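# got a sequence here, can you build the structure:
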Amino acid sequence: MIKVVIIDDNKIARLGIKSLLADDEIDIIGEASDGKSGINLVQELQPDIVILDLHLPDIHGIQVCQLISEKNPLCRIIFITASQHLLTLCRLLSTPAKGLLNKDSHFSGVEAVKTVYKGMPYIQPDLGYELVTYIMKNNKHALHNLTDKEQKVLALITQGKTQEKIAEELFISPKTVSNIKFRGMKKLNVKTTQQIQEALFGSELVL
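Modelled structure (predicted):
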């Protein structure tokens, strides 16, 4: 029997995932609605597989993935997300997670769980095609196109600092901060602070 824990803050989403995992060989042994309780639950129950939502109310899903993998190296993680942002999805490929599913598309949860349980990676087929196409078109990672100043400004933004505070810290004007932020976001093709965080999270740029 494959033991599974679901970590997702949306109760309806958890019910949907459970229905998609209905199988004689899969046992849903626990659920959590935030990252902290999810990490504790995994420690307690020692599941084989964790279905992990990317966006959680307390800890970012990428960080939850990293912490679970450090404490439970035998536990395999499958990300499930509603994000359509390809840079974000590419970022997930560099995490310890072994699977990737999209909430907004039809997918086989059972196939994903059984594949990952056997030690093989699983990417939802339609996502796989989009990601390969994106990577081929952007074979030089967007992060590498950022200047040192752009990296620093965007990293400070993800820490919740205002343009005024960043200007003070970097000894530049708020107007210069705004211009650097605009250029950096354009290079990463992101529009929100959350997307900046997802693009940079876990990389060497955010310390």
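# point out where the chain drops to low pLDDT.
84, 105-106, 128-129, 132-144, 159, 194, 197-207 (pLDDT under 70).
# flag every buried residue along the longest helix seen in the chain.
In the chain, ranked by residue count with DSSP state H as the criterion, the top helix is helix 174-188. Under the neighbour-count criterion of 16 or more other CB atoms under 10 Å, helix 174-188 has 176, 177, 180, 181, 183, 184, 185, 187, 188 buried. No exception for glycine: its C-beta is placed from N, CA and C like everyone else's.
# which member of the residues you listed is positioned nearest residue 2?
Comparing these against residue 2 with CB to CB places residue 188 closest, at 37.2 Å.
# test my guess that the closest one contacts residue 87.
Yes - judged on CB atoms under 8 Å, residue 188 makes contact with residue 87 at a distance of 6.4 Å.
# count of neighbours near residue 110?
16 (other CB atoms under 10 Å).
# chain neighbours aside, what residue packs nearest to it?
In space, and not counting its chain neighbours, residue 110 is closest to residue 23: 4.7 Å by CB to CB, 6 or more residues apart in numbering.
# what does stretch 36-47 contact?
Stretch 36-47 is touched from outside by 3-5, 7, 29-32, 50, 52, 56, 58-59, 64, 67-68, 71-72, 75, with contacts defined as CB atoms under 8 Å, 6 or more residues apart in numbering.
# same thing but 6 Å
Stretch 36-47 is contacted from outside by 3, 4, 5, 7, 29, 30, 32, 58, 67, 68, 72, using CB atoms under 6 Å, 6 or more residues apart in numbering.
# got it, and stretch 177-191?
Outside of stretch 177-191, the residues within contact range by CB under 6 Å, 6+ apart are 142, 145, 146, 149, 150, 153, 154, 163, 166, 167, 196, 199.
# ditto for stretch 59-79
Contacts of stretch 59-79 (CB under 6 Å, 6+ apart): 35, 39, 42, 49-54, 92, 95-100, 112, 116, 201-202.
# among these, which are in helices?
Among the contacts of stretch 59-79, the members found in helices (DSSP H) are 35, 39, 42, 92, 112, 116.
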